[in-house]
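[1] the following block contains a protein sequence and its predicted model.
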Amino acid sequence: MTHASAPTSPTAAASTPDVVPVRRALVSVYDKTGLTELATALAAAGVEIVSTGSTAATIAAAGVPVTGVEQVTQFPEMLDGRVKTLHPRVHAGILADRRLPQHVATLAEHGIDAFDLVVVNLYPFAATVASGASADDCIELIDIGGPSMVRAAAKNHPSVAVVVDPASYGDVAAAVSRGGFSLAQRRTLAAAAFRHTASYDVDVASWMGEVVAPEEGASFPAWTGATWERAAVLRYGENPHQAAALYVDGAAAPGLAQAEQLHGKEMSFNNYVDADAAWRAAFDHDEPAVAIIKHANPCGIAIGTDVADAHAAAHACDPVSAFGGVIAANREVSAAMAAQVAEVFTEVILAPSYEPEALEILKRKKNIRVLVVAPPVRGGVELRPISGGVLLQQRDAIDAIGGGGGDDPASWTLATGEAADPATLRDLAFAWRAVRAVKSNAILLASGGASVGVGMGQVNRVDSCRLAVERANGLDTTDGSASAERARGAVAASDAFFPFADGAQVLIDAGVRAIVQPGGSVRDAEVVAAAEAAGVTMYLTGARHFAH
Ligand SMILES: NC(=O)c1ncn([C@@H]2O[C@H](COP(=O)(O)O)[C@@H](O)[C@H]2O)c1NC=O
């Protein structure tokens, strides 16, 4: 197959000038921030400014000479501003490759003056959508002329400089006063310009697919896009031989990637992964809650009357593993909690805020990273890359997703045993929420609003049960030696049903007094019978909480 009309480059022999002097600029901006200062600087350097409607009016009002674009095109702005700059006198002036004599001759033949600088920022489409404006109003804010000029100037960066960000106006003034932009600067500006129009088009395409033309019956769009900007180059990735960087999604609600770091060394790749798990775990609870995470799993998680109380209980679950952990609190960190945290080597602490005294205490520890993070958005969609693609799913938050069963014990079914008293039911409800922060197969034993044993990430459920019991019983929380027997009298939560009675039996034999699990196994009757035989209360939630 041939592509007969694909243009070939006529520039093979042309050399690209390094500095291109700026004699004529096209300025068309929605956001007028810094415009007057920019225009003043351009005019002072003898640059002719051509400009559109209200941009020209703003420049003129500042007493700076400006030529209206309609004088250039000899056409009035028309169709409510849909056509202002879309004209050969504008676009040939931007696109002529000044390295080529034939392009220069063509401009001369048609009496068109070239532009050396294009300054454009676009209609605020995403902000208009976010404001809840009508579809017609959103459509009107899809900028057409702006991206056309930006792309044209970016393509023609050997001859033209393009600026899309008011934050760069200072650099423009400096470059113009030095005689023009260097080729390296023009290339950098062009790359930024294409990023700008690309992310603008992702916003438009997403909205078109999801709002204007959604596919009937489809719960996920036919196409999805996002753009990420590099926020930090990390020291290394999961291991020292892997390079890594942090990117932020400018369109997403602020989260961990936008955290404010108040203290400590730079975050590592693994710090981010663990902090994300900690954040999700802590904010799955309505009461003051603290999660201590190691390798993306909680080694302690608790609720309490306040965060100090919750932290003490979470730490007591597994003080050995808590060493070097990542701690998240779902409330402001108090001085009392900070004092406790300062006693233990901790990689990262994250919270919505810190009491000033708490911050002082934490800042005395050289190695701890202290982050302020906005509370997570409940619900929404999460992405998981796989080779060659990406999986999308609704985030696991049964209360946010809705639909029967789940977090509220009132919706559970008592499968066997006596109905739990209020304190036991509170523990079961806590354990049920906490277990979904544990990687599958997950078993979490709890007592008094705190985990006392966690079995995580095993490839069969019976091993997770054994691990949870071992963790609960194998540690004395005061000296770390003798058996603490904490499984006896605790409650247990299982993130998914017991496929056989064996796992439940391990918990029952260890003395748990109540178990909450989804139910739904073909062998539910055997599992319930094992609990019944031991007089253990068992609730079925009807919902599963795998976390892989
Ligand atoms: N239609 C056009 O020819 C056109 N040319 C430039 N614009 C945009 O109009 C805005 C500036 O207009 P004004 O100077 O009137 O405020 C800029 O955001 C620019 O991207 C246009 N507007 C929309 O497409």
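    Perfect, thanks for sending it. Residues are numbered from 1 along each chain as shown.

[2] closest residue of the stretch 251-400 of the chain to the ligand?
    Using CB to the nearest ligand atom, the single residue of the stretch 251-400 of the chain nearest to the ligand is Ala251, 19.2 Å away. Placement of C-beta: from N, CA and C, glycine included.

[3] need the contact partners of stretch 244-257.
    With contacts defined as CB atoms under 8 Å, 6 or more residues apart in numbering, stretch 244-257 is touched by 126, 199, 202-203, 226-234, 236-238, 258, 267, 269, 272, 275-276, 279, 350, 371, 373-374, 376-377.

[4] sort out which of those are buried, if you could.
    Buried members of these, counted by 16 or more other CB atoms under 10 Å: 126, 199, 202-203, 227, 234, 267, 269, 272, 275-276, 279, 350, 371, 373, 376.

[5] check which helix or strand Ala415 maps to.
    Assessed by DSSP states H and E, Ala415 sits inside strand 413-416.

[6] tell me the mean pLDDT for stretch 205-214?
    When pLDDT is averaged along stretch 205-214, the result is 92.

[7] using CSV, list the CA coordinates for it.
    Only the C-alpha atoms of stretch 205-214 are listed here, as CSV (Å, rounded to 0.1, in the frame of the first residue of the first chain):
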residue,chain,number,x,y,z
ALA,A,205,-12.2,13.3,24.0
SER,A,206,-13.0,11.9,27.5
TRP,A,207,-16.0,14.2,27.9
MET,A,208,-17.3,13.5,24.4
GLY,A,209,-17.1,9.7,25.0
GLU,A,210,-18.5,9.8,28.6
VAL,A,211,-21.0,12.6,28.5
VAL,A,212,-22.0,13.5,24.9
ALA,A,213,-21.9,10.2,23.2
PRO,A,214,-21.8,7.4,25.8
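
[8] need the contact partners of it.
    By CB under 8 Å, 6+ apart, stretch 205-214 touches 125, 129, 135, 138, 215, 221-225.

[9] please apply the same query to stretch 70-87.
    Defining contact as CB under 8 Å, 6+ apart, one finds that stretch 70-87 is touched by 26, 28, 50, 52-53, 69, 89-91, 93, 113, 140, 144-145, 148-149.

[10] and the buried ones among those, selectable in ChimeraX?
    The buried residues among the contacts of stretch 70-87 can be selected in ChimeraX (16+ other CB under 10 Å) with this line:
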select :26,28,50,52,69,89,90,91,93,113,140,145,148,149
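
[11] filter the contacts of stretch 70-87 by proximity to the ligand?
    For the ligand, the contacts drawn from the contacts of stretch 70-87 by CB under 6 Å from any ligand atom are 28, 52-53, 144-145.

[12] which ones among those residues map onto helices?
    Counting by DSSP state H, those place 53, 145 in helices.

[13] would you format the ones next to the ligand among the contacts of stretch 70-87 as JSON lines with pLDDT included?
    Listed next are those as JSON lines, based on pLDDT from 0 to 100:
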{"residue": "Ser28", "pLDDT": "97"}
{"residue": "Thr52", "pLDDT": "96"}
{"residue": "Gly53", "pLDDT": "93"}
{"residue": "Ile144", "pLDDT": "97"}
{"residue": "Gly145", "pLDDT": "96"}
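
[14] which two of the ones next to the ligand among the contacts of stretch 70-87 have the greatest separation?
    Gly53 and Ile144 (14.8 Å; CB to CB).

[15] just checking, Ala152 touches Leu95?
    Yes: using CB atoms under 8 Å, Ala152 is in contact with Leu95, at 5.0 Å.

[16] where does pLDDT dip in the stretch 251-400 of the chain?
    398-400 (pLDDT under 70).

[17] which parts of it are strands?
    For the stretch 251-400 of the chain, the strands defined by DSSP state E, counting those that start in this stretch cover 260-263, 289-294, 297-303, 325-329, 346-351, 369-372, 381-386, 389-394.

[18] list the neighbouring strands of the strand holding Ala415 plus their orientation.
    With DSSP bridges as the test, strand 413-416 is paired with strand 537-540 (antiparallel).

[19] identify the residues contacting the strand it pairs with?
    Applying CB under 8 Å, 6+ apart, the external contacts of strand 537-540 come out as 409, 412-420, 424, 428, 504, 513-520, 524, 527-528, 531-532.

[20] distance from that strand to the middle of the chain?
    Here strand 537-540 is found 37 Å from its chain centre; the criterion is CA atoms, centre = their mean, to the nearest Å.

[21] before we move on, the earlier item: of all the strands of the stretch 251-400 of the chain, which one is nearest Arg486?
    Between Arg486 and the strands of the stretch 251-400 of the chain, the shortest gap by CB to CB is with strand 297-303, which sits at 12.3 Å.

[22] which ones among the contacts of stretch 244-257 map onto helices?
    126, 199, 202-203, 269, 272, 275-276, 279.

[23] can you list those in TSV and add distance to the ligand?
    Formatted as TSV, these follow (distance: CB to the nearest ligand atom, whole Å):
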residue	distance to the ligand
Ala126	14
Ser199	15
Val202	17
Asp203	15
Phe269	39
Tyr272	36
Ala275	39
Asp276	37
Trp279	37
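
[24] my read: Val118 touches Val163, true?
    Yes: with contacts counted by CB under 8 Å, Val118 reaches Val163, the gap being 7.3 Å.
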